[in-house]
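A.B. asks: Kindly return the folded structure for what I paste below:
(one chain, ligands or ions: 2)
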Amino acid sequence: MLLEALRLRKAFGGLCAVDEVDFAVEAGSITGIIGPNGAGKTTFFNLISRALPVTSGRIMFDGEDVTNLQPHHIARRGVARTFQATTLFGDATALENVLVGYRQRTSSGVWDALVRSARLAREEHEAHAVAHETLAFVGLTDSAERLARDLTQEQQKRLAMALAIVARPRLLLLDEPSAGINADQTRGLIALVEKIAATGITVLLIEHQMQMVMHLCRRIMVLDYGKKIADGTPEEIRNDPAVLEAYLGHK
Ligand SMILES: Nc1ncnc2c1ncn2[C@@H]1O[C@H](COP(=O)(O)OP(=O)(O)OP(=O)(O)O)[C@@H](O)[C@H]1O
Ligand SMILES: [Mg+2]
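C.D. replies: Residues are numbered from 1 along each chain as shown. Ligands and ions are numbered 1, 2, ... in the order given. So this is what the prediction gives:
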């Protein structure tokens, strides 16, 4: 298993946003997390990406206990994410955005930065090449020099994914990639997620859009009020009375 959550728990005061969740993600898979609003999905991601300290429980990544690592350390080990609300640099070009994503994960260190060594120049060259390659991969070659804020919603989603994959993570956490885009564009994003997974990146996907989860994921976990209420194949999830009740109960 690439990722394991063991009795993972996060409390905000009296509210238990993630409640003793046991869950494992197989390397090479596309796995889904669904659940009503406020179920704890994003909080689960915040724990895995180490943006929030856990209240109790453990997180294992590639067999190692990473429960108390700093966010940049877990990023270095190969965990990348996108956010529910896109967090791009609006006044920078698409290319510059991807370069920021790349540098954050591959900076050559203080010494290189000070002496502007040959290695730094070489890395700059390489960074540009990788950034262009990544923009091509997500279908944004023609938009490389456009400002991020001038891109369409759907292009911004693609750009956010480019930023997340530019440093070749092992695990990619996607928080509702289809939010705010139409059905046609969603099909494009589904294809992109499949393409990312085909390169060997393991994908963990939070998504409200059932069509997307059911199509992409071999396994799905369902959260409700912080608790895991189901865990199985799309077929099993679709026919699970507890899942149906959780969704109907919230409407
Ligand atoms: N930093 C925080 N401080 C206090 N409460 C929080 C914090 N983050 C989340 N919560 C609460 O924890 C619960 C789970 O929130 P979370 O954002 O994880 O849900 P979600 O499943 O991602 O929902 P959505 O589908 O709306 O994105 C909610 O009740 C939320 O209000
Ligand atoms: Mg959320």
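
A.B. asks: Three-state assignment for residue 132, please.
C.D. replies: helix (DSSP: H, G, I helix; E, B strand; the rest coil).

A.B. asks: bridging residues for the most centrally placed residue in the chain?
C.D. replies: By CA atoms, centre = their mean, the mean C-alpha position of the chain lies nearest to residue 173, the distance being 1.9 Å. Counting by DSSP bridges, residue 173 is bridged to residue 81, residue 204.

A.B. asks: Provide a list of residues in contact with it.
C.D. replies: Counting by CB atoms under 8 Å, 6 or more residues apart in numbering, residue 173 makes contact with 45, 48, 49, 79, 80, 81, 82, 204, 206. Glycine gets a C-beta too; all of them are placed from N, C-alpha and C.

A.B. asks: can you pull the buried residues of stretch 12-27?
C.D. replies: In terms of neighbour count (16 or more other CB atoms under 10 Å), stretch 12-27 has its buried residues at 16, 17, 18, 19, 21, 23, 25.

A.B. asks: Sticking with the third one, tell me its helix or strand.
C.D. replies: Assignment of secondary structure by DSSP states H and E places residue 18 within strand 15-25.

A.B. asks: got the angle for the helix or strand that that strand is followed by vs strand 15-25?
C.D. replies: Next in sequence after strand 15-25, counting helices and strands by DSSP H and E, comes strand 30-34. Following axes from the mean of the first three to the mean of the last three CA atoms, to 10 degrees, one obtains 160 degrees for the angle between strand 30-34 and strand 15-25.

A.B. asks: Show me the strands in this protein, by range?
C.D. replies: For the chain, strands defined by DSSP state E occupy the ranges 3-12, 15-25, 30-34, 56-61, 64-65, 79-81, 171-175, 202-206, 219-224, 227-232.

A.B. asks: Let me have those strands in a markdown table, adding mean pLDDT as columns.
C.D. replies: Output for these, formatted as a markdown table (pLDDT from 0 to 100):
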| stretch | mean pLDDT |
| --- | --- |
| strand 3-12 | 98 |
| strand 15-25 | 98 |
| strand 30-34 | 97 |
| strand 56-61 | 98 |
| strand 64-65 | 98 |
| strand 79-81 | 95 |
| strand 171-175 | 97 |
| strand 202-206 | 98 |
| strand 219-224 | 96 |
| strand 227-232 | 97 |
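
A.B. asks: Please convert these to CSV, extending it with distance to ligand 2.
C.D. replies: Formatted as CSV, those follow (distance: least, CB to the ion, whole Å):
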stretch, distance to ligand 2
strand 3-12, 13
strand 15-25, 10
strand 30-34, 10
strand 56-61, 18
strand 64-65, 26
strand 79-81, 12
strand 171-175, 6
strand 202-206, 6
strand 219-224, 10
strand 227-232, 16
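
A.B. asks: mind putting those strands in CSV, distance to residue 102 included?
C.D. replies: Listed next are these as CSV, based on distance: least, CB to CB, whole Å:
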stretch, distance to residue 102
strand 3-12, 23
strand 15-25, 25
strand 30-34, 24
strand 56-61, 21
strand 64-65, 25
strand 79-81, 11
strand 171-175, 15
strand 202-206, 20
strand 219-224, 31
strand 227-232, 35
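
A.B. asks: Ligand 1 contacts on the stretch 1-150 of the chain?
C.D. replies: Taking CB under 6 Å from any ligand atom as the contact definition, the stretch 1-150 of the chain meets ligand 1 at 12, 15, 17, 35, 37, 38, 39, 40, 41, 42, 43, 84.

A.B. asks: Please name the bridge partners of the first one.
C.D. replies: Which is residue 12. Counting by DSSP bridges, residue 12 is bridged to residue 15.

A.B. asks: picking that back up, contacts for the strand holding residue 18?
C.D. replies: With contacts defined as CB under 8 Å, 6+ apart, strand 15-25 is touched by 1-11, 31, 40, 43-44, 47, 57, 171, 202, 204, 221, 223, 225-228, 231.

A.B. asks: and the closest residue to ligand 2 within the stretch 1-150 of the chain, what does it touch?
C.D. replies: Ligand 2 sits closest to residue 42 of the stretch 1-150 of the chain, with a gap of 3.2 Å, by CB to the ion. Counting by CB under 8 Å, 6+ apart, residue 42 touches 84, 175, 206.
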